Every structure is written in C-alpha cells, then in structure tokens.
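> let's see this in three dimensions:
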Amino acid sequence: MHRKPTKPQGQHGRPRLAPQQVRIIGGQWKRRLLPVLDALGLRPTPDRVRETVFNWIHHQVGGDWETVDCLDLFAGSGALGFEAASRGARSVTMLDFHGPAVRQLELNKETLKADNVHPLRGDAFAVARDLALRGQRFDVIFLDPPYGQDFVAKALPLCVDLLKTDGMVYVEAEHALPTGEETPEWLAPWEQIRADKAGMVYYHLLKLHENTSS
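Reported below is the predicted structural model:
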C-alpha cells in the first residue's frame with residue numbers, strides 16, 4: 001500500500017512555504033499563500049516581523065482599518081500591502097519599478113479579488129513627488145526598499161508631504177535608524193514610536209514630530 005507523501009510542516013504544524021511564496025497572517029485572507037516573483041534582492045517581510053508591525057499599526061489606528069489609506073513605495077512581493085488590504089484598509093497603493101513584480105502584484109490582486117489594492121509601476125521617488133503635488137495623503141506608508149542604496153534617507157523626506165495628520169511610516173532596513181546626537185537631518189523631523197530587530201532585519205514605526213507640518 002502506497003502512502004501519500006505528507007506535506008512538510010513548519011512551526012505549529014503549518015505547511016512550510018515554498019521559496020517563492022508569502023503567507024498572509026491576518027484578516028479576511030488569513031493563511032492564504034501568494035506566489036512571489038523569484039527575483040534577486042526581493043525579500044518579503046518575515047511573518048514574525050509583519051505580525052509585530054501590524055499589531056503596532058492596529059493599536060495606532062484604534063483597530064479602525066476601514067478609514068486607512070496605505071502607500072507601499074517599494075512593494076516588491078506585496079507582503080505588506082496585501083496584509084494591510086486583508087485587514088480591511090480602505091485603499092492600498094502598491095508601487096514598484098520592476099515590471100514583472102508589478103505584474104505579479106496584479107495577478108495576486110485578481111486572485112484575491114482585492115478591489116482596494118492598486119498596483120502601479122514607476123520610480124518611487126518620482127511617483128511620490130507626483131502624488132504629493134496632486135494632494136494625495138496616506139495614513140500609513142510602508143518603506144521596505146532594497147538594501148545598500150540609501151533609499152530610506154532619500155524617501156523619508158518625501159513622506160512628510162504624503163502623510164495625513166497623525167499618519168505613520170513603517171521603515172525596514174539593514175541597520176537600526178540612528179537616534180540622539182547621531183540623528184541625521186533627514187531623520188530629524190521623525191519620532192520613533194516603536195522599533196525592534198529580528199535576525200538581520202531592523203524595523204521601525206515613525207511619526208512626525210508635532211512641530212513638523214505635513
């Protein structure tokens with residue numbers, strides 16, 4: 001008698017992810033697996049980190065996701081944006097420069113029937129400036145750019161003009177953001193609400209200081 005092969009199991013008996021998959025961890029699509037483009041440098045935010053970050057954001061928005069507009073400036077796999085959409089965000093604008101990555105985001109949107117998700121292709125900095133000029137504002141901005149290119153320092157100043165009052169920015173980086181006397185000019189307008197580290201991933205939740213206009 002031949003036995004069917006069992007699925008490989010991860011922690012807590014969950015099926016292990018294939019190398020090019022991401023799991024939604026909360027909301028209406030909880031436990032759904034989405035395919036991810038196999039591309040150099042594409043790093044979906046780990047489950048453990050996403051769970052912590054979305055707990056932070058959930059607390060900040062008082063659990064009221066239905067009024068939350070999100071912008072994912074370096075969407076990549078879409079792990080952060082689809083997580084926000086799953087939890088009921090009113091809108092999630094996903095931006096990426098890489099055409100195949102955007103196409104995968106569109107396919108995943110179609111699979112989930114996620115009408116609140118809007119993938120766009122373009123340069124993050126140019127599109128951010130255009131959105132600001134058009135008066136678009138967001139409650140949550142996700143910044144998880146490619147490492148080693150100083151993109152956080154370039155993108156955060158643009159976020160000042162993209163945030164609604166009391167909006168917040170999530171930043172994921174290969175090192176901790178400097179604080180105190182080491183704070184650079186581009187980081188000076190921001191207050192670190194929460195920050196943590198998991199493995200080699202440093203992640204932060206930022207808000208503008210009260211005396212900074214958005």
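> report the buried residues of stretch 156-170.
Counting neighbours by 16 or more other CB atoms under 10 Å, one finds that the buried residues in stretch 156-170 are 156, 158, 159, 160, 161, 162, 163, 167, 168, 169, 170. Any C-beta I mention is one placed from the backbone N, CA and C, and that applies to glycine too.
> closest one to residue 86 out of the residues you listed, please.
For the buried residues of stretch 156-170, the closest approach to residue 86 (CB to CB) belongs to residue 170, at 15.9 Å.
> average pLDDT for the helix or strand hosting the closest one, rounded please.
If you go by DSSP states H and E, residue 170 is part of strand 163-173. The average pLDDT for strand 163-173 rounds to 97.
> may I have the one helix or strand residue 130 maps to as CSV, with CA atoms only?
Here residue 130 is covered by helix 124-133, with elements defined by DSSP H and E. This file holds the C-alpha atoms of helix 124-133, laid out as CSV (Å, rounded to 0.1, in the frame of the first residue of the first chain):
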residue,chain,number,x,y,z
ALA,A,124,9.3,55.5,-6.2
PHE,A,125,10.7,59.0,-5.8
ALA,A,126,9.1,60.4,-9.0
VAL,A,127,5.7,58.9,-8.2
ALA,A,128,5.9,60.1,-4.5
ARG,A,129,6.5,63.7,-5.7
ASP,A,130,3.6,63.4,-8.2
LEU,A,131,1.2,62.1,-5.6
ALA,A,132,2.2,64.9,-3.2
LEU,A,133,1.6,67.5,-5.9
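> center of the protein, which residue is that?
In the chain, the residue lying closest to the centroid (CA atoms, centre = their mean) is residue 80, at 3.5 Å.
> name the element that one belongs to?
For residue 80, the enclosing helix or strand under DSSP H and E is helix 79-86.
> same question for residue 152.
Using DSSP H and E, residue 152 maps to helix 151-159.
> from the middle of its chain, how far away would that helix be?
15 Å (CA atoms, centre = their mean, to the nearest Å).
> what's it packed up against?
Using 3 or more CB pairs under 8 Å, 6 or more residues apart in numbering; DSSP states H and E as the contact criterion, the secondary-structure elements in contact with helix 151-159 are helix 124-133, strand 138-143, strand 163-173.
> what's the angle from the first one to helix 151-159?
This means helix 124-133. With axes from the mean of the first three to the mean of the last three CA atoms, to 10 degrees defining the directions, helix 124-133 sits at 10 degrees from helix 151-159.
> related to what we said a few turns ago, got the angle between the helix holding residue 80 and strand 138-143?
For helix 79-86 against strand 138-143, the angle by the same axes, to 10 degrees is 150 degrees.
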